[in-house]
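# Generate a structure from the sequence data that follows.
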Amino acid sequence: MRHKKISWGYLIRLEGNEELIGALQSFAKGQSIKGALISGIGTIYDAELGFYEREKREYIKKLFPGDYEVVSLSGNISYFEEKPVIHCHITISGKDFISYSGHLFSAKTAATMEIFLHTLEEKLNREFDPSHRLNLLSL
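Numbering: from 1, shown residues only. Presented below is the predicted three-dimensional model:
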């Protein structure tokens, strides 16, 4: 990972084989980021995406083996029980130009990921919501 501090946050470049969510968690912890907005583009492989099924109150997960273009990555950095949480949604496209979208659970960087972190002054926290079985933003 390479990064550059800028006026409103950080520019980050992940390189081949870096695990996307884990790398961002480590970066948030290492830089003492209180909260941030995430956006990015690039290439990934072996992505695991999810769709939250409201009635069952759980995620349906699907693995997407192989290489994909990241058409859009958006999300945030917050904290649950003092640990950084990377909450991202992603749209990916394969060589057939068909796109898939969902909650991003994991993916590895193929060639590169270009990520923009817009950092926040206030700490973003999450709390468990039993009605949805999710850790939601605490407002």
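# any chance you could map the strands in this structure?
For the chain, the strands defined by DSSP state E cover 2-6, 9-15, 36-53, 58-80, 83-93, 99-119, 126-129, 134-137.
# do you know which of these lies nearest Gln25?
Across the strands of the chain, the minimum distance to Gln25, taken as C-beta to C-beta, is reached by strand 83-93, at 4.9 Å. No exception for glycine: its C-beta is placed from N, CA and C like everyone else's.
# how far off strand 36-53 does that closest one point, in degrees?
With axes from the mean of the first three to the mean of the last three C-alpha atoms, to 10 degrees applied, the angle from strand 83-93 to strand 36-53 works out at 70 degrees.
# and strand 83-93, which residues are buried?
Of the residues in strand 83-93, those buried by neighbour count under the rule 16 or more other C-beta atoms under 10 Å are Pro84, Val85, Ile86, His87, Cys88, Ile90, Thr91, Ile92.
# got a list of what the third one touches?
The reference is to Ile86. Counting by C-beta atoms under 8 Å, 6 or more residues apart in numbering, Ile86 makes contact with Ile21, Leu24, Gln25, Ala28, Ile38, Gly75, Ile77.
# Spatially central residue for the chain, please.
Within the chain, one residue has its C-alpha closest to the average C-alpha position: by C-alpha atoms, centre = their mean, that is Cys88, at 3.5 Å.
# Any idea what the closest residue in space to that residue that isn't next to it in sequence is bridged to?
The shortest distance from Cys88 to any residue that is not its chain neighbour, by C-beta to C-beta, 6 or more residues apart in numbering, is 3.2 Å, and that residue is Gly75. Going by DSSP bridges, Gly75 is paired in beta bridges with Ile38, Cys88.
# gap between Gly75 and Pro130?
Relative to Pro130, Gly75 is positioned 23 Å away (criterion: C-beta to C-beta, to the nearest Å).
# neighbour-wise, which of those two wins?
Set side by side, Gly75 and Pro130 show unequal neighbour counts under other C-beta atoms under 10 Å, the larger going to Gly75 at 20 against 7.
# So, low pLDDT: which residues of the protein?
Of all residues in the chain, none has pLDDT under 70.
# Now for the residue nearest to Cys88: which residues touch it?
Under the criterion of C-beta under 8 Å, 6+ apart, the neighbours of Gly75 are Leu37, Ile38, Ile86, His87, Cys88, His89, Leu104.
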